[in-house]
Every structure is written in structure tokens, then in C-alpha cells.
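> Fold the following, please.
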Amino acid sequence: MPEAAIWISFGVLVAALAVVVVLGLTRVHSLNRRVGSFACAVRPVVVGGTRATPGPEALVWSQGVAHYGVGRLDWWRIWSLSPRPALVWDRSDLVVLGRRGMEAVGRPDLFEVRCRHHGDEFELAMSPDAYAGMMSWLESAPPRSGDRVI
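The predicted structure is shown next:
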């Protein structure tokens with residue numbers, strides 16, 4: 001293969017990588033600038049109340065951005081090019097089970113919020129302001145039978 005073809009192939013590869021990086025950064029910027037968006041990490045909880053245990057990857061938070069939609073809370077992964085949210089929680093079925101500060105892990109600026117949606121439990125990590133906004137959003141929903149906040 002001639003040397004020029006190698007350099008052209010390398011240039012095309014670098015250009016493609018640059019396009020992916022620019023698209024990713026544009027997506028993150030767009031998600032963060034939407035009205036009703038806030039930084040929010042998520043991790044699943046096993047039904048029995050303990051975190052998944054096979055390995056340390058089960059304890060890792062997935063970083064993302066949450067956004068209030070009409071009747072739902074959408075969550076997008078930060079490191080993805082998908083135009084659709086990775087998780088969607090219906091407002092009428094989202095229940096907050098409790099919250100606690102994250103001082104023990106060196107993040108006194110965050111709350112760990114335990115939630116349930118359709119029987120699946122998960123935790124959200126968010127700022128106190130984001131927590132206050134989410135609670136206001138949940139409590140201002142039209143009335144229904146049952147409690148949304150425990």
C-alpha cells in the first residue's frame with residue numbers, strides 16, 4: 001500500500017473521530033441548556049434492598065442529565081450519541097422512598113434519592129436544588145389514589 005494511502009486513511013480516521021467528539025459535546029451542551037434539566041446520576045437497586053453484588057461495576061453511578069417532560073422524567077446518559085433518553089419514568093408511577101446526604105463518600109453537595117418505578121428500585125444522585133425541584137414537580141401533579149412520596 002503506498003504511503004499516501006496510509007496518510008489519507010489516517011486523515012479520514014482522525015476526521016471521523018473529530019466529528020464524533022464534536023457531536024457528543026454538542027449533545028451534552030444541548031441537554032444541559034434545556035429548561036427543566038439537571039445533572040443526575042443513576043444506579044439500580046436490587047429488589048431486596050441491597051445493591052447488586054457480583055462486582056464493583058454494580059456500584060458505579062451512570063452519569064447523566066435528567067429533564068422534566070410532560071408527565072414524565074427523562075434521563076440521558078452523558079457519554080452517548082443517542083437522541084432518545086436512556087430511561088423514562090412516568091410522573092404518576094414515580095415514588096420517592098427517601099433521601100440521604102452523600103457526606104460519607106465525600107460528596108456533601110449531593111443527595112442520594114431512593115426511588116421506585118413500576119416495582120424497580122433505583123437511586124438518583126442530585127444536588128439539593130435539583131431534589132427540591134423534583135419533589136415540587138412530583139407534589140404538584142394532579143391528584144391520584146396512593147402516595148407518591150413516602
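> C-alpha only now, for contacts and for neighbours.
Noted.
> What's the first helix or strand after the worst-scoring helix or strand of the chain on mean pLDDT?
Across the helices and strands of the chain, mean pLDDT, DSSP states H and E gives its lowest value to helix 3-33, namely a mean of 84. For helix 3-33, the succeeding helix or strand toward the C-terminus, using DSSP states H and E, is strand 37-39.
> buried sites along the least confident helix or strand of the chain?
Applying a neighbour-count criterion of 16 or more other CA atoms under 10 Å, the buried positions in helix 3-33 are 24-25, 27-28, 31-32.
> Show me how far it is from its chain's centre.
Taking the mean of its C-alpha atoms, helix 3-33 sits 25 Å from the chain's own mean (CA atoms, centre = their mean, to the nearest Å).
> phi, psi of residue 141?
When read as degrees, to the nearest 10, the backbone of residue 141 gives phi -70, psi 160.
> Now for it: which residues touch it?
Residue 141 is in contact with 91-92, counting by CA atoms under 8 Å, 6 or more residues apart in numbering.
> where exactly do the helices run in this protein?
The residue ranges that make up the helices of the chain, judged by DSSP state H, are 3-33, 128-139.
> Out of those helices, the one nearest residue 90 is which?
helix 128-139 (10.3 Å; CA to CA).
> Just give the number of residues close to residue 63.
18 (other CA atoms under 10 Å).
> Wait, it touches residue 38, no?
No: under the criterion of CA atoms under 8 Å, residue 63 makes no contact with residue 38, lying 11.3 Å away.
> can the helices of the chain go into CSV with extra columns for distance to residue 100?
What follows is those, written out as CSV (distance: least, CA to CA, whole Å):
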stretch, distance to residue 100
helix 3-33, 25
helix 128-139, 10
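> mind checking which of these is nearest residue 102?
With CA to CA as the yardstick, what comes closest out of the helices of the chain is helix 128-139 (11.0 Å).
> which other residues reach the closest one?
Taking contacts as CA under 8 Å, 6+ apart, the residues outside helix 128-139 that touch it are 38, 91, 109-111, 148.
> Any of those residues buried? List them.
With burial judged by 16+ other CA under 10 Å, the buried subset of the contacts of helix 128-139 is 38, 91, 110-111, 148.
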